[in-house]
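Participant: Got a predicted structure plus its sequence, pasted below:
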Amino acid sequence: MPDYFRHHPDSKGFFGEHGGAFLPPELENHFREITEAYLLISKSHKFISELRSIRKHYQGRPTPVYFAERLSELAGGCRIYLKREDLNHTGAHKLNHCMGEG
């Protein structure tokens with residue numbers, strides 16, 4: 001089995017012969033423009049700083065890690081930690097990708 005975890009999609013979304021995306025021809029240029037704009041801005045310090053601020057003050061990120069003491073005892077003494085995604089203002093994952101796109 002090939003080590004597919006080391007591979008990333010190409011610029012058209014393909015992982016080797018698999019993957020890709022269907023876009024109606026009418027939308028291809030629009031999505032290309034969006035992609036180019038994102039690639040330009042995504043590396044800027046201003047964008048990254050603003051995105052971190054939005055995630056911290058609006059989303060509640062990063063979420064804390066909580067030591068589940070009683071659950072650890074019930075499980076025989078192992079140390080169980082819970083990543084508290086439930087504390088995000090909007091749920092566990094819904095805005096993770098949307099905040100950067102907005």
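Facilitator: Great, that's in hand. Keep in mind the model is a prediction, meaning the values are calculated, not measured.

Participant: CA only for contacts and neighbour counts going forward, please
Facilitator: OK.

Participant: Just list the residues touching the residue nearest to P64 when sequence neighbours are not counted, thanks.
Facilitator: Counting by C-alpha to C-alpha, 6 or more residues apart in numbering, R84 is the residue found nearest to P64 once chain neighbours are left out, at 5.7 Å. Applying C-alpha atoms under 8 Å, 6 or more residues apart in numbering, we find R84 in contact with 63-66.

Participant: What is the least confident helix or strand in this protein?
Facilitator: Ranked by mean pLDDT, DSSP states H and E, the helix or strand of the chain with the weakest confidence is helix 96-101, at a mean of 69.

Participant: thinking again about what came up before, do me a favour and get the backbone dihedrals for the residue nearest to P64.
Facilitator: Backbone torsions of R84, given as degrees, to the nearest 10, read phi -80, psi 60.

Participant: roughly how far apart are it and Y38?
Facilitator: Counting by C-alpha to C-alpha, to the nearest Å, the separation of R84 from Y38 is 30 Å.

Participant: likewise F14?
Facilitator: From F14 to Y38 the distance is 19 Å (C-alpha to C-alpha).

Participant: In this structure, which helix is the longest?
Facilitator: helix 25-41 (DSSP state H).

Participant: which other helices and strands contact it?
Facilitator: Here helix 25-41 touches no other helix or strand, going by 3 or more C-alpha pairs under 8 Å, 6 or more residues apart in numbering; DSSP states H and E.

Participant: what does that helix rub up against?
Facilitator: With C-alpha under 8 Å, 6+ apart, helix 25-41 has contacts from F47.

Participant: and the next element down the chain from that helix?
Facilitator: helix 45-54 (DSSP states H and E).

Participant: R79 sits in which helix or strand?
Facilitator: Per DSSP H and E, there is no helix or strand for R79.
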